[in-house]
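Trainee: sequence first, then the predicted structure, then my questions.
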Amino acid sequence: MTSNSPIPFDDRFNFQTKNTMAKKLWLTSICCVGMLSLGGVAYAADTKATLDAASPCMPPEYPRASLANEEKGLVVLGVLVGVDGKAGEIKVEKSSSYRNLDRAASAAFAKCKFKPAIKDGKPDAQWTTINFEFKLD
């Protein structure tokens with residue numbers, strides 16, 4: 001058997017082979033298949049909370065005072081997404097350095113619809129991060 005050939009079916013427990021990657025892959029597949037069959041229940045992969053692409057989310061309006069003062073910047077928000085997909089709590093994790101921009105971003109994303117996180121096949125409340133940059137044209 002060459003080092004690049006797969007482990008033959010009849011020789012799968014012969015660990016004398018020099019193909020250590022094949023051994024690791026075989027052991028990993030045995031482990032994972034065993035775990036799935038022992039549990040008896042298969043869940044979809046856990047997912048994180050995200051904005052719901054199927055539901056339009058209006059971007060924040062540029063505050064008039066911020067436009068007049070030529071304020072711009074990146075706002076990083078932490079949003080607690082509930083199991084119903086609604087924003088429960090919003091925190092400014094990184095300020096744009098302008099209160100009006102931070103407030104506008106928070107108010108806009110509070111109205112958005114989200115896809116809740118999925119954990120063990122069920123919706124789960126979870127924090128997600130949203131970056132929004134206010135730019136002057």
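Mentor: Perfect, thanks for sending it. Residues are numbered from 1 along each chain as shown.

Trainee: from what I can see residue 72 touches residue 132, true?
Mentor: No - if you go by CB atoms under 8 Å, residue 72 and residue 132 don't touch, sitting 11.5 Å apart. (Glycine included, C-beta is placed from N, CA and C.)

Trainee: of the two, who's got more company?
Mentor: Shown here are residue 72 and residue 132; by other CB atoms under 10 Å, residue 132 has more neighbours (19 against 16).

Trainee: so how far is residue 98 from residue 68?
Mentor: 12 Å (CB to CB, to the nearest Å).

Trainee: who's more crowded, the two?
Mentor: residue 98 (18 against 8).

Trainee: who touches the more buried one in this structure?
Mentor: Residue 98 is in contact with 66, 71, 73, counting by CB atoms under 8 Å, 6 or more residues apart in numbering.

Trainee: verify the contact between residue 110 and residue 87 for me.
Mentor: Yes - counting by CB under 8 Å, residue 110 does reach residue 87; the two are 5.0 Å apart.

Trainee: what about the two, which has more around it?
Mentor: Legend: neighbour count by other CB under 10 Å for residue 110 and residue 87, higher for residue 87 (20 against 14).
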